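[1] here is the input, now give the coordinates:
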Amino acid sequence: MTRVDFYILPETGGAADSPVITACRLCEKAAGAGLRIYVYADSGALAEDFDGALWTFRQGGFTAHERYEGTPLQAPLPSVLIGRVEPPDSHHDVLVNLAAEVPDFFSRFERVLEIVAGDGAQRAASRARYKFYRDRGYELCTYEQSADGTWHRRTTK
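    Predicted coordinates:
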């Protein structure tokens with residue numbers, strides 16, 4: 001069954017603590033572990049922002065990635081695909097959900113990563129997603145970022 005991890009950013013976070021930069025760091029870590037990642041963005045602008053951030057967020061580093069629009073891609077496929085459509089069968093290890101809603105295809109993945117931004121509207125949307133997963137019996141884990149940038153696992157009931 002899919003495991004869902006929520007990454008809670010500080011309420012007063014700056015650009016370094018943005019959901020996009022946090023997603024870049026999580027993708028880099030997962031790709032380094034040999035996993036295939038699909039980043040779901042519900043708008044073209046968000047997909048473009050994330051694509052650009054993967055090129056620039058870490059000086060001297062690079063995470064192989066490509067935009068996915070539903071048409072077949074040439075092999076070899078990169079570790080990270082970014083899209084607004086259902087992902088290809090090749091990428092079902094980790095889903096990074098940057099959308100406000102839970103994508104219909106989330107249960108195809110071993111893990112779903114949800115990033116909770118500091119502002120009130122995004123936190124409310126995240127609570128709704130948390131309730132959605134919880135009510136359906138999915139394993140939930142929550143990590144909270146402290147002021148110094150380290151992550152701490154919170155007990156989830």
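[2] centre-most residue in the protein?
    By CA atoms, centre = their mean, the chain has its centre lying nearest to V96, at 2.2 Å.
[3] what's opposite that residue in the beta bridge?
    V96 has these beta-bridge partners by DSSP bridges: V39, L113.
[4] quick one, what contacts it?
    Taking CB atoms under 8 Å, 6 or more residues apart in numbering as the criterion, V96 is in contact with A23, L26, C27, I37, Y38, V39, Y40, L113, I115. Where you see a C-beta, it was placed from the backbone N, CA and C, and this is true even at glycine.
[5] of these, closest to P87?
    Y38 (4.0 Å; CB to CB).
[6] quick check, the closest one in contact with V94.
    Yes. Here Y38 reaches V94: they are 7.3 Å apart, a contact under CB atoms under 8 Å.
[7] joint contacts of the two?
    F109.
[8] for the protein, what are the low-confidence residue spans?
    Applying pLDDT under 70 to the chain flags the ranges 12-16, 155-157.
[9] quick one, helices of it?
    With DSSP state H as the criterion, the chain has helices at 19-32, 44-56, 120-135.
[10] what are the buried residues along the second one?
    Pointing back at helix 44-56 there. L46, A47, D49, F50, D51, A53, L54 (16 or more other CB atoms under 10 Å).
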